[in-house]
Every structure is written in C-alpha cells, then in structure tokens.
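Asks: show me the folded form of this:
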Amino acid sequence: MKSLLSILFCLGPFCSAAQVFELSIKSLTTFDKTQLNPSLSERAGGLSAMEYRADTDKWLVVADREKVAKTSTFFNLRLAAGDINQTFGDFQTLPDVQNVESIRYHPGQQGFYFVMEEDEESKIAFWKEGRKPEVVFTESRPGMYLTSNRGIEGLAIMPNNDLWFAFESGGSATCGKDNFTVFRKVTYRQGRRRHYNFNKKKKKDYRYEINRCVCMDSTQAFTSTLGNGISEILALDDQHLLVLERCYDGRQTAVR
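Replies: Numbering: from 1, shown residues only. Okay, the predicted model is just below:
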C-alpha cells in the first residue's frame, strides 16, 4: 500500500511538507430554516452533500434522508438572499437513493457520481438527470476499511478526470490501533464505454493517517457515531486533495 502524507493530502511524490492556505469568504448567504414550509422542512433534514455546476451557476444540495420516507432529496438552488421556500422549491427524489454523503459533477459525462453510506455497505452511483441512477461500485462489511456506519464518505473528481474516494475512518473500531484510513484512486479511461474500472483487482490505495479519537476524552470509546473521520474531500488540482475531517464527542463537533 502506498503512503500518503500531509494535512493537505498531497498525491505521490509531489508532496514533501504540509502546506498552509489563507482562505477568505467570497460571499455568505444564510437562511432561517424555521421559515421553511413543513413539507420542505421534512425533506431538508440534514444537508450532507453539495456540488457547484459552473455551466448552470447552480448548487446541487442533498439532504441525506427524510425523517419518514428515508429517501435523499436533491435541491437545485442559487445561493442568493430571498425567500427560503422559493430557493429550496426546486427539488427531486430518486428511487432507492438514501443516505447520500457526497456528490460530484463530471462535466465530460454530464452527470453526477454520488456516495450512499449505510450501516453495512457503501455504494457509488452514477446519475444523469432524467435517468435512473446506476450503482457502479459496492463495498460491504466485513471489509478491510469499513466499520458499522462508517464506510465510503468522501468523493472527488480531479481536473484530469481521475476519481478518488475516501473511507471515513478505516477498518479499525478503536482509538489506538491502525491509525489510518484509505483513499482509493480510480483512473479515468478515455474512450472506454465504462470510464472507470472500480473492481480492478490491483487497487490504487493510499494511506491517510488519522486520529479517530482526537476530540474525545479518555473515558469515551470510538463508536459508529462518536469519534473522528473523513467528512469531505475536494480536488484542488490533479495532484492535491483538500481534506475535511469531522470529529463528534457527543456534545459538539470539531473540524479541521
């Protein structure tokens, strides 16, 4: 297995040290969820994934599941101040799609890849608007890098079209054992009917060091809900991923 070092998560030999970025907020739009109509509030649930499409100047924001139907809702919206019910009024649900954790648009294929994470398995699906989603990869427990409710969590598509996905916290369910998770690279195959071979025998796996219990005290145990893990990954260029870790201690959430 290849090793991958750095908070920035540099790929291959291009990484020699952690890099520091100065970020600024370009714009900020806030909405008061209490102003949502009851039907929309039910659908909004917990927003778990988002992606920007430059060609439409819209964001696709996904709520992981409704309280009753348990399906994910896909909202097409522009982040501009105004009536929250109008902003979130353009939405749809897809058959057999729930627990969406990450979504990325592929301009070349004019469709979306997204991750569905359930307690015992994770799936990656491809979806073109107006069509039924197609599951292209499934990882089930018992697996090397899955524990209960912690499977595939992050997804990114590089400018060169290579696809990466990240397992949330690796295959160990304890704080001090095997302190790493795994990022997997799936190379884009130009001109092939299926552009990605997710089931290739020789996997391109990279280790990412992680402290599963970084925000917890010594009395707490790592569980399916408590502890640290990968939340999102984002392509910066062909050789760098920006990684968001999220840790929950039962009271509050810490991110880095």
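
Asks: distance check, the residue of the chain positioned farthest from its centre against Ser122.
Replies: Residue farthest from the centre of the chain, counting by CA atoms, centre = their mean, is Thr219 at 29.5 Å. Separation of Thr219 from Ser122 (CB to CB, to the nearest Å): 30 Å. Yep, even glycine has a C-beta here, placed from its N, CA and C like the rest.

Asks: hang on, the residue farthest from the centre of the chain in a strand?
Replies: No. Assigned with DSSP: H, G, I helix; E, B strand; the rest coil, Thr219 falls outside any strand and is coil.

Asks: for it, phi and psi?
Replies: Note on Thr219: its backbone torsions stand at phi -90, psi -10 [degrees, to the nearest 10].

Asks: so what's it up against?
Replies: Contacts for Thr219 (CB atoms under 8 Å, 6 or more residues apart in numbering) come out as none.

Asks: hmm, who's touching stretch 175-187?
Replies: 1, 4, 9, 144-145, 162-172, 196-198, 200, 203-213, 216, 221-222, 227, 229-230, 233, 241.

Asks: end-to-end on that stretch?
Replies: 32 Å (CA to CA, to the nearest Å).

Asks: so Ala173, which state does it fall into?
Replies: Going by three-state DSSP: Ala173 is coil.

Asks: that one reaches Gly229, doesn't it?
Replies: No. The pair Ala173 / Gly229 is not scored as a contact, 11.5 Å apart, by CB atoms under 8 Å.

Asks: the two: which is more packed in?
Replies: Gly229 (22 against 17; other CB atoms under 10 Å).

Asks: partners of the more buried one in the sheet?
Replies: Arg246 (DSSP bridges).

Asks: what about Thr147, how many neighbours?
Replies: Thr147: 23 neighbours (other CB under 10 Å).

Asks: going forward can the numbers begin at 31, since that is how I track them
Replies: Okay, using 31 as the starting number, the last item reads as Thr177.

Asks: show the pLDDT at the nearest residue in space to it that is not next to it in sequence.
Replies: Spatial nearest neighbour of Thr177, excluding adjacent residues (CB to CB, 6 or more residues apart in numbering): Ala203 at 4.6 Å. On the pLDDT scale, Ala203 is placed at 90.

Asks: and Ala203, what is it in contact with?
Replies: 177-178, 252-253.
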